[in-house]
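J.: mind folding the following:
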Amino acid sequence: MAQHQAGPRGSETEHERLNRELDQLLQGLRVALPGVQVLLAFLLTAPFADRFDLVEGESRGLFVAAITLAALATIFFVAPTVHHRLRFREGTKEQMIQVANRLALAGSTCMCLAIGCAVYVVGDSAFTDTPARWIGPVTVLVAIVTWYVIPMRYRKDQTPEPA
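T.: As a prediction, this is how the structure comes out:
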């Protein structure tokens, strides 16, 4: 018999909680995955563009880093779905949710860095000898603050319980 527990969702069984948590996690990945896939697609086609030869020096290295990071982010974001398919109905949902959460965070970190590298390359190549290339590092800083720092400042005792 499933055990009931009181919580912010009222009374839900352990099974219901796990299903809800997995659904929420997969929904979040459905939001992030298309963005990183579009970024990866554009990065993969860029070397075939006419003016790609203008990308030189450190920008070329950061371009490779951007592709690698976008590819890793894609892998990390897709992994929980593959895990779910491989271990469907085997009673490993709690473990899968914990691992999938870590993979989602790793994917988000790779995506943050890939975006920053790509923006740096564009700024450095399109606006040579201007501060435009620093928009990339600023983009990474904004992502770090909004994706990681702000949520880590949430306090459980400052959030009112639903009525």
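J.: and Val38, what pLDDT?
T.: Model confidence at Val38, expressed as pLDDT, equals 96.
J.: the one 3 residues further on too?
T.: pLDDT for Ala41: 96.
J.: now it: which helix or strand?
T.: helix 14-45 (DSSP states H and E).
J.: tell me the buried residues in that helix?
T.: Arg17, Glu21, Leu22, Leu25, Gly28, Leu29, Ala32, Leu33, Val36, Leu39, Leu40, Leu43 (16 or more other CB atoms under 10 Å). From N, CA and C alone the C-beta is placed, and that goes for glycine too.
J.: equivalent analysis for stretch 133-146, please.
T.: Arg133, Ile135, Gly136, Thr139, Val140, Ala143.
J.: need the next SSE after the longest helix anywhere in the chain, C-terminal direction.
T.: Ranked by residue count, the top helix of the chain under DSSP state H comes out as helix 93-126. Downstream of helix 93-126, the next assigned helix or strand under DSSP H and E is helix 135-144.
J.: and the contacts of that following helix?
T.: With CB atoms under 8 Å, 6 or more residues apart in numbering as the test, helix 135-144 has contacts from Leu62, Cys112, Leu113, Ile115, Gly116, Cys117, Ala118, Val119, Tyr120, Val121, Val122, Gly123.
J.: nearest to Pro151 among the residues you listed?
T.: Pro151 has its nearest neighbour among the contacts of helix 135-144 in Cys112, at 13.7 Å by CB to CB.
J.: go ahead and confirm the closest one touches Val119.
T.: No: look at Cys112 against Val119 with CB atoms under 8 Å: they stay out of range, at 11.0 Å.
J.: other SSEs contacting the helix holding Ala41?
T.: With contacts taken as 3 or more CB pairs under 8 Å, 6 or more residues apart in numbering; DSSP states H and E, helix 14-45 sits against strand 4-7, helix 57-86, helix 93-126.
J.: from the chain's centroid, how far away is the second one?
T.: The chain centroid and the centroid of helix 57-86 are separated by 10 Å, computed with CA atoms, centre = their mean, to the nearest Å.
J.: any idea how far His15 is from the most centrally placed residue in the chain?
T.: Residue closest to the average C-alpha location in the chain (CA atoms, centre = their mean): Ser108, at 2.2 Å. Distance, Ser108 to His15, using CB to CB, to the nearest Å: 28 Å.
J.: work out the gap between the helix holding Ala41 and the centre of the chain.
T.: Centre to centre, stretch against its chain (CA atoms, centre = their mean), the figure for helix 14-45 is 8 Å.
J.: now stretch 82-89
T.: A distance of 21 Å separates the centroid of the chain from that of stretch 82-89, by CA atoms, centre = their mean.
J.: before I go, just wanted to say thanks for your time.
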